[in-house]
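Peer 1: generate coordinates for the sequence data below:
(2 chains)
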Amino acid sequence: MSVDKDTVNKIARLSRIAISDAEADKMVGELNGILAWVEQLGEVDVTGVEPMTAVIPNKLRLRDDVVTDGDVRDKVLANAPAKEGSFFGVPKVIE
Amino acid sequence: MSELTKLGVAAIRSGVAAGDFSAVEVAEAFNSNVANAKALNAFIVETPEKAIEAAQAVDADRAAGKPLGKMAGVPIGMKDLFCTQGVQTTAASHILEGFVPTYESTVSANLWNAGAGMLGKLNMDQFAMGSSNETSYFGNVISPWRRNDGSNAALAPGGSSGGSSSAIAARLCPAATGTDTGGSIRQPAAFVGISGIKPTYGRCSRWGVVAFASSLDQAGPMARDVRDCAIMLEAMAGFDPKDSTSLDLPVPNWEAGLNSDLKGKRIGIPREYRLDGIDEDIASMWDNGIAWLKDAGAQIVDISLPHTKYALPAYYIIAPAEASSNLARYDGVRFGLRDLPEGAGLQDMYAATRAAGFGEEVRRRIMIGTYVLSAGFYDAYYTQAQKVRALIARDFHNAWVSCDLILAPTAPSAAFGLGEKNADPLSMYLNDVFAVPASLAGLPAMSVPGGLSKEGLPLGLQIIGKALDEQAVLNAGLAIEQRSEFTAEAGEWW
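Peer 2: Numbers count the residues shown, from 1 in each chain, chains lettered A, B, ... in the order given. A predicted model of the protein is given here:
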């Protein structure tokens, strides 16, 4: 499988990364180089093999359903680039 | 250079405990080395006051006759991937510039509780993506080492924990934290002639560590010798309910368990690691390593890890896939950089922020990850890679029938020059060919110095162990250390 410039632009859109035309051109070659190289995985016979989900067998724990934190609004907002009062500020999203 | 900065973790701890010198004297000596080594660019933020503060607390505890921690009086460097409360944490990315965590990572908190102090936040490859420390937004880290040909070419300290490796090799700190996703502790340790261990996945909590690829990320210590690594790993490791993949197991007393007598141990030599055209220096170092382990009483056995050649391509699907998901959090809303072009809406702000904030390699990996996870390609790439990963883990499992440990080189070459491998992302990726398989299988693996190349540069030997058997890995590392007579140091030019 190989990607063309339209696909690169689509991937960039899905990734929420703005790219220029020149960057997209460059990325076509780079992504195709990497994808051609990972394609060799197709040679491996994986019949009957389950995809790995955990490297070390480990049981997911459940904790008691109780409140363990909270009341940290100021800490949560401390690094916001544009807070408005006690909220995260974003550009207008509703016309 | 002060005599104190020639000491390692064990020597500092015992000297402070015995009253031979104070913790504050040690912190001052290392602070001074850090301040005088700007040319290496190993630190993003220096925190001399934190080192002094921690040292004063240790000195006060000692004066009061209180018990001292495992790392009491030892100042360390902290990789900038660990969130440190009140001290900027960036993962060496512009997108996190100015981010000051309001909380402390579990691993760093464990170290401070053990009496360690922080000299500063160490430079690294951006989001731990890189093998040469050339992807940092804050500039390249330079290795203190130089080739013996008089060229003075600036060399890579390895990556992603390149600030850690450079700082330890230049004696700016006796030890530092590293993180290893696909070799990021072991390869930099090999490049500068120090030791470093990636423990079993789940030994060290990932809570508060900036995430790259969550199923692979694992923290570990980097230091001048095996004992120092054992001491520091004990202080870092431990169950943490805040990390769902943290192992709920007691932390072994690895330091007390150190024993370089390898009688009864079988060491596997994987034939697939002997690549065509393997570097001569690497091949002869590997042979020396085999001889040293034999001398320590071990039995050497030939083993096969048949899926080795597929480890790197599988890694370069799995790690970017997890990264594309993990790095979705950088949106310009909650923390870090925001780029809001005139008149832009929310979607445009996301795209502009992420384009401005992420470096080239990070953008490349996010896009690969997005592609392999996208509709129509998920099974062909991601599911296939996870199946191959299961086969790689099975290779190791099968190997443990005939051996207890595996010995291999850490990296396929000595340190390369900065800029030498930038043109093609693939040639950089190939540097991790020997390190990635153990990462995919979650196994403990360590690099220890194995000798020098013809250019006079350090080379590393890698020991891979069974899950949870860090002790055997450390013991084999110690056996090599006692026989390699590796005393070479970078001459001070910085």
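
Peer 1: quick check: the residue most central in space within chain B vs B:Gly159, distance?
Peer 2: The centre of chain B sits closest to B:Ile185, judged by Cα atoms, centre = their mean, with a distance of 2.1 Å. To B:Gly159, B:Ile185 is 10 Å away according to Cβ to Cβ, to the nearest Å. Every residue, glycine included, has its C-beta placed from N, CA and C.

Peer 1: who touches both of those two?
Peer 2: Taking Cβ atoms under 8 Å, 6 or more residues apart in numbering or on different chains as the contact rule, B:Ile185 and B:Gly159 have no neighbour in common.

Peer 1: the residue nearest to the centre of chain B touches B:Ala438, doesn't it?
Peer 2: No - judged on Cβ atoms under 8 Å, B:Ile185 makes no contact with B:Ala438 at a distance of 11.0 Å.

Peer 1: anything in contact with each of these two?
Peer 2: Taking Cβ under 8 Å, 6+ apart as the contact rule, B:Ile185 and B:Ala438 both touch B:Lys198.

Peer 1: can you tell me if stretch B:370-382 touches chain A.
Peer 2: Yes - applying Cβ under 8 Å from any Cβ of the partner chain, one finds stretch B:370-382 touching chain A at B:Thr370, B:Tyr371, B:Ser374, B:Phe377, B:Ala380, B:Tyr381.

Peer 1: which residues touch the residue nearest to the centre of chain B?
Peer 2: Contact partners of B:Ile185, counting by Cβ under 8 Å, 6+ apart, are B:Ser161, B:Gly178, B:Thr179, B:Gly196, B:Ile197, B:Lys198, B:Gly220, B:Met222, B:Ser447.

Peer 1: so which residues of chain A form helices?
Peer 2: Under the criterion DSSP state H, helices of chain A are mapped to A:5-14, A:21-38, A:73-77.

Peer 1: can you put these in JSON lines and add distance to B:Asn398, mean pLDDT and mean neighbour count?
Peer 2: Output for those, formatted as JSON lines (distance: least, Cβ to Cβ, whole Å; pLDDT from 0 to 100; neighbours: other Cβ atoms under 10 Å in any protein chain shown):
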{"stretch": "helix A:5-14", "distance to B:Asn398": "38", "mean pLDDT": "97", "mean neighbour count": "17"}
{"stretch": "helix A:21-38", "distance to B:Asn398": "24", "mean pLDDT": "94", "mean neighbour count": "16"}
{"stretch": "helix A:73-77", "distance to B:Asn398": "48", "mean pLDDT": "95", "mean neighbour count": "12"}
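
Peer 1: which parts of the stretch 151-300 of chain B sit against chain A?
Peer 2: By Cβ under 8 Å from any Cβ, the part of the stretch 151-300 of chain B that sits against chain A consists of B:Thr200, B:Tyr201, B:Gly202, B:Ser215, B:Pro241, B:Ser244, B:Thr245, B:Leu247, B:Asp248.

Peer 1: wait, the first one sits on A:Ile56?
Peer 2: What that stands for is B:Thr200. Yes - taking Cβ under 8 Å as the definition, B:Thr200 is a contact partner of A:Ile56 at 6.3 Å.

Peer 1: which pair of the contacts of B:Ile185 spans the longest distance?
Peer 2: Spanning the widest gap among the contacts of B:Ile185 are B:Thr179 and B:Ser447, at 14.3 Å by Cβ to Cβ.

Peer 1: between these two, which has more neighbouring residues?
Peer 2: It is B:Ser447, of B:Thr179 and B:Ser447, that has more neighbours when counted by other Cβ atoms under 10 Å in any protein chain shown, with 33 against 26.

Peer 1: quick check: which helices or strands does the one helix or strand the more buried one maps to pack against?
Peer 2: Element membership for B:Ser447 (DSSP states H and E) is strand B:445-452. Helices and strands touching strand B:445-452, by 3 or more Cβ pairs under 8 Å, 6 or more residues apart in numbering or on different chains; DSSP states H and E, are helix B:186-192, strand B:195-198, helix B:226-236, helix B:280-295, strand B:458-465, helix B:470-484.

Peer 1: that's a strand at B:Ala488, yeah?
Peer 2: No - going by DSSP: H, G, I helix; E, B strand; the rest coil, the assignment for B:Ala488 is coil, not a strand.

Peer 1: local confidence estimate at it?
Peer 2: For B:Ala488, the pLDDT comes out at 96.

Peer 1: up against chain A, what does the stretch 351-494 of chain B have?
Peer 2: Residues of the stretch 351-494 of chain B lying near chain A (Cβ under 8 Å from any Cβ): B:351-352, B:354-355, B:358, B:363-364, B:366-368, B:370-371, B:374, B:377, B:380-381, B:383-391, B:393, B:424-426, B:440-442, B:467.
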